[in-house]
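Trainee: predicted model and sequence below, questions to follow.
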Amino acid sequence: MVKHIEENERTKHDYAIYLRHAQGQDEKSIDKVMAAIRQFEDSTKSKPFKKFHRQQAADFKSFLGKQKNMRTKKPLAYSTVDSILRLVKAFFHWLVSRDGFKRVLTYADVEYFNNTLKNGRIAHTVRAIPYPSMQQAAHAFQAMPFETEFEKRDKALFAFFMLTGVVYWANLQPVYHTV
């Protein structure tokens, strides 16, 4: 059975209210934050936040390194670990300024939630998106049906995109709006 500490639950509830009203985050974002904090609590076996020690942050990083993706059964992706660490770090950064935590927690302690530089670079690497070649696009165009008005419209739009390169250009160039 999962042990819940009443004071931790109140603190998490206060943080959820802060995220919703002060930071303007929506419910899905807040749910992700709460899930990340729950993972931290799981790694510490539900110790009170007021008994935080920087070693818990280091242990949490090791804990995340051992976790598996529930769907694929593979280790968590670097970007997932980085995201969880950032969410938990933001929570503890918020805690530093709260009454009752100032003696226990410092900003230097919160920095222990930082990911390693190497793993951070891996997590934020921009990966190339594969695009179909012109021959592949032409083959797809030839295979498209041409019976109903909707199919004719779709084929005409596809031809327009192929001729103008709008899709390729839109993915490469930033869009500037003029006023």
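Mentor: Arrived safely.

Trainee: alpha carbons only for contacts and neighbour counts from here, please
Mentor: OK.

Trainee: flag the helix or strand of the chain with the lowest per-element mean pLDDT.
Mentor: Counting by mean pLDDT, DSSP states H and E, the chain has its least confident helix or strand at helix 166-172, which shows a mean of 53.

Trainee: all helices for the chain, in order.
Mentor: With helices called from DSSP state H, the chain shows them at 6-17, 27-43, 54-66, 78-96, 107-110, 117-123, 134-143, 149-164, 166-172.

Trainee: now those in TSV, with mean neighbour count and distance to Thr72?
Mentor: As requested, the helices of the chain are exported to TSV (neighbours: other C-alpha atoms under 10 Å; distance: least, C-alpha to C-alpha, whole Å):
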stretch	mean neighbour count	distance to Thr72
helix 6-17	14	30
helix 27-43	17	19
helix 54-66	16	14
helix 78-96	19	14
helix 107-110	16	31
helix 117-123	13	18
helix 134-143	12	31
helix 149-164	13	35
helix 166-172	11	29
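
Trainee: domain ranges for this structure?
Mentor: Following automatic domain parsing, one finds the domains of the chain at 6-123, 134-172.

Trainee: got a list of what the closest residue to Val104 other than its chain neighbours touches?
Mentor: In space, and not counting its chain neighbours, Val104 is closest to Lys50: 6.3 Å by C-alpha to C-alpha, 6 or more residues apart in numbering. By C-alpha atoms under 8 Å, 6 or more residues apart in numbering, the contact set of Lys50 is Gly100, Phe101, Val104, Leu105.

Trainee: ok, now Thr164?
Mentor: With C-alpha under 8 Å, 6+ apart as the criterion, no residue contacts Thr164.

Trainee: distance of it from Phe158?
Mentor: Distance, Thr164 to Phe158, by C-alpha to C-alpha, to the nearest Å: 10 Å.

Trainee: equivalent analysis for Leu105, please.
Mentor: Taken as C-alpha to C-alpha, the span from Leu105 to Phe158 is 58 Å.

Trainee: go on, Phe146?
Mentor: To Phe158, Phe146 is 12 Å away according to C-alpha to C-alpha.

Trainee: for His124, same thing?
Mentor: His124 sits 33 Å away from Phe158, going by C-alpha to C-alpha.

Trainee: again, but for Ile122
Mentor: Taken as C-alpha to C-alpha, the span from Ile122 to Phe158 is 36 Å.

Trainee: that older thread, please flag which of the contacts of Lys50 sit within strands.
Mentor: Taking DSSP state E, every one of these sits outside strands.

Trainee: could those residues be laid out in TSV, adding pLDDT?
Mentor: Output for the contacts of Lys50, formatted as TSV (pLDDT from 0 to 100):
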residue	pLDDT
Gly100	85
Phe101	88
Val104	86
Leu105	90
